[in-house]
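*Asks:* got a sequence here, can you model it:
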Amino acid sequence: MKVRLISYTPDPEMTVAIAARRCYSALGSCELTCGLSPEEAKKLINTILEAGHLSPAEHASFTFAMEGVSRSLSHQLVRHRIASYSQQSQRYVSESGFEYVVPPSIAGNPKALGLFEKRIEEIRETYSKLAEMVPKEDARYILPNACETKLVMTMNCRSLYNFFERRLCYRAQWEIRELAEAMLDCVRQVAPNLFSWVGSPCEMHGYCPEGKMSCGKIKSVNR
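*Replies:* Now for the predicted structure:
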């Protein structure tokens, strides 16, 4: 898996702080940015995050390029609806000799890995034969969830909060949790204050919002 932050709102923390200041100030538009130091911006950000006043965070956006992820992951990813996605097309791009993602549980089991790789090779061969007989858009129906894909995705900061809360959970599926961890590392490099408090729900709030205990990370699920 490779994840890169390829673009983002210039000075995202100042942008969010100015939007927050707008909510609590009668200053005109020309004066809104005057005298707003990085320290004051950080204080404003902490204030809105602690209050759950997250609409100012919608003014900062982040764009990621990712590859080496599976179609299984992308099916989960697009369920986060307040985002923009561009994905490598299986209609126009040939999948002959496609790369694939192997789950750790399979990779660590020699017998399971042998079965998995054998079937992958059979699918590769079948796809190549079908692609000579029918359009690629129809040959792709044989491709597995393990098939590697590439995406560009843009989310605003508030949507990222929602994404991280759900996908950093220890109960989240392993691949999308790995993606969330990589994305969080990226955004913390450019906006550490905006993302300083982000983490799995049980670690951040002390309870499991799903009411589960099977991950073993917390002793109680009571709020």
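
*Asks:* need the contact list for the most centrally placed residue in the chain.
*Replies:* The centroid of the chain falls nearest to A180 when counting by Cα atoms, centre = their mean (4.7 Å). A180 makes contact with 163-164, 167-168, 172, according to Cβ atoms under 8 Å, 6 or more residues apart in numbering. Yep, even glycine has a C-beta here, placed from its N, CA and C like the rest.

*Asks:* do me a favour and get the end-to-end distance for stretch 47-61?
*Replies:* Taking Cα to Cα, to the nearest Å, stretch 47-61 runs 20 Å from one end to the other.

*Asks:* can you list the residues that contact it?
*Replies:* By Cβ under 8 Å, 6+ apart, stretch 47-61 touches 8-9, 12-13, 15-17, 19-20, 22-23, 154-159, 161, 191, 194, 197.

*Asks:* mind giving me the domain ranges of this structure?
*Replies:* The record's domain parsing of the chain by automatic domain parsing lists 2-67+75-83+149-197, 91-146.

*Asks:* to P209, which of those domains lies closest?
*Replies:* For the domains of the chain, proximity to P209 was assessed by Cβ to Cβ; domain 2-67+75-83+149-197 is nearest, at 8.0 Å.

*Asks:* rewinding a little: most packed of the domains of the chain?
*Replies:* Comparing these by mean neighbour count (mean count of other Cβ atoms under 10 Å), domain 2-67+75-83+149-197 comes out on top with a mean of 17.

*Asks:* can you give me the strands in this protein?
*Replies:* Taking DSSP state E, the strands of the chain run over residues 2-8, 61-70, 84-87, 148-156.

*Asks:* got those strands as a markdown table, with mean pLDDT and distance to E40 columns?
*Replies:* Formatted as a markdown table, the strands of the chain follow (pLDDT from 0 to 100; distance: least, Cβ to Cβ, whole Å):
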| stretch | mean pLDDT | distance to E40 |
| --- | --- | --- |
| strand 2-8 | 98 | 21 |
| strand 61-70 | 98 | 23 |
| strand 84-87 | 98 | 32 |
| strand 148-156 | 98 | 22 |
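
*Asks:* could I get those in JSON lines, plus columns for distance to V101?
*Replies:* Shown next, in JSON lines, are the strands of the chain (distance: least, Cβ to Cβ, whole Å):
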{"stretch": "strand 2-8", "distance to V101": "12"}
{"stretch": "strand 61-70", "distance to V101": "4"}
{"stretch": "strand 84-87", "distance to V101": "15"}
{"stretch": "strand 148-156", "distance to V101": "6"}
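
*Asks:* can you tell me which of these is nearest to F98?
*Replies:* The minimum distance between F98 and these falls on strand 148-156, with 6.3 Å, by Cβ to Cβ.

*Asks:* and the closest one with strand 2-8, angle?
*Replies:* Orientation check (axes from the mean of the first three to the mean of the last three Cα atoms, to 10 degrees): strand 148-156 against strand 2-8 gives 30 degrees.

*Asks:* flag the shaky bits of the protein, pLDDT-wise.
*Replies:* Scanning the chain with the threshold set as pLDDT under 70 gives 212-214, 216-223.

*Asks:* what are the ranges of the helices in it?
*Replies:* Taking DSSP state H, the helices of the chain run over residues 12-24, 38-51, 71-77, 104-107, 110-133, 136-139, 157-167, 174-190, 201-205.

*Asks:* mind putting the ones you listed into TSV with distance to S94?
*Replies:* What follows is the helices of the chain, written out as TSV (distance: least, Cβ to Cβ, whole Å):
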stretch	distance to S94
helix 12-24	38
helix 38-51	46
helix 71-77	15
helix 104-107	26
helix 110-133	7
helix 136-139	6
helix 157-167	31
helix 174-190	24
helix 201-205	41
